[in-house]
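> Any chance you can model this:
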Amino acid sequence: MASFVERVVGAATLKVATYEEIEADKGATGQAITVVALASLAVGVAQAVGWFFIGGPISAVVALVGYTILAVAGWFVWTLVTSIVGTKILPEPETKSDMGELMRTVGFAQAPGMLRIVTIIPILGWLISLAVWVWMLAAFVIAARQALDYKSTIRAVVVCAIGWVVNLVVVEVIGRFILVFVLALVGAPTEGTGG
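Residues are numbered from 1 along each chain as shown. As a prediction, the model looks like this:
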């Protein structure tokens, strides 16, 4: 059995065998949640730095907490929708999966997200953010394909895309609106930072 670090590296390098091992290991749920927490915290820290320069220390703390929570919520919503669509609406004949398997595999698929902390780099931050998003999307598709026992990568892409759209609406639009509202309440200007 691979160590936590080996699993993070295997997941980030898109190794199918790593995702299969994680899917089968019920004890890996805590590790997956750790990966999600670290990737989410990376988003929160990067956003907090930007908000510090826009609105000061209180805005930075609100951004740190808020964006970290949004990132965790995004992972959960995306996973939940992918589980429902993948097992109930678009399953393959071989599909046998549960929410735990999907949470573990797509939790580790967040491994590249730990690099989002470097999105604070001026000028290059948005490009790094885009590259990490594409990388995480590829990892999410592989993770979902393995957890859902799909033979078809195309089906996994469709299922993940449906989950991503719901995540985008629920977390990215509604969640960010609420967060920007809270930031405005604490006195920060309402324009946000990228990431």
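> Can you list the low-confidence ranges for the protein?
The chain contains residues with pLDDT under 70 at 187-195.
> Could you write out the alpha-carbon coordinates of the helix or strand containing Val165 in PDB?
Val165 is located in helix 153-167, with elements delineated by DSSP states H and E. Taking Å, rounded to 0.1, in the frame of the first residue of the first chain, the C-alpha atoms of helix 153-167 are listed here in PDB:
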ATOM      1  CA  THR A 153     -13.700   8.100 -20.700                       C
ATOM      2  CA  ILE A 154     -16.200  10.100 -22.800                       C
ATOM      3  CA  ARG A 155     -19.000   9.100 -20.500                       C
ATOM      4  CA  ALA A 156     -16.900  10.100 -17.500                       C
ATOM      5  CA  VAL A 157     -16.200  13.500 -19.100                       C
ATOM      6  CA  VAL A 158     -20.000  14.000 -19.700                       C
ATOM      7  CA  VAL A 159     -20.800  13.000 -16.100                       C
ATOM      8  CA  CYS A 160     -18.100  15.200 -14.700                       C
ATOM      9  CA  ALA A 161     -19.200  18.100 -16.900                       C
ATOM     10  CA  ILE A 162     -22.700  17.900 -15.600                       C
ATOM     11  CA  GLY A 163     -21.400  18.000 -12.000                       C
ATOM     12  CA  TRP A 164     -19.100  20.900 -12.900                       C
ATOM     13  CA  VAL A 165     -21.900  23.000 -14.300                       C
ATOM     14  CA  VAL A 166     -24.000  22.500 -11.100                       C
ATOM     15  CA  ASN A 167     -20.900  23.300  -9.000                       C
END
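> Can you name the secondary structure element that comes next after it?
Next helix or strand after helix 153-167 toward the C-terminus (DSSP H and E): helix 176-185.
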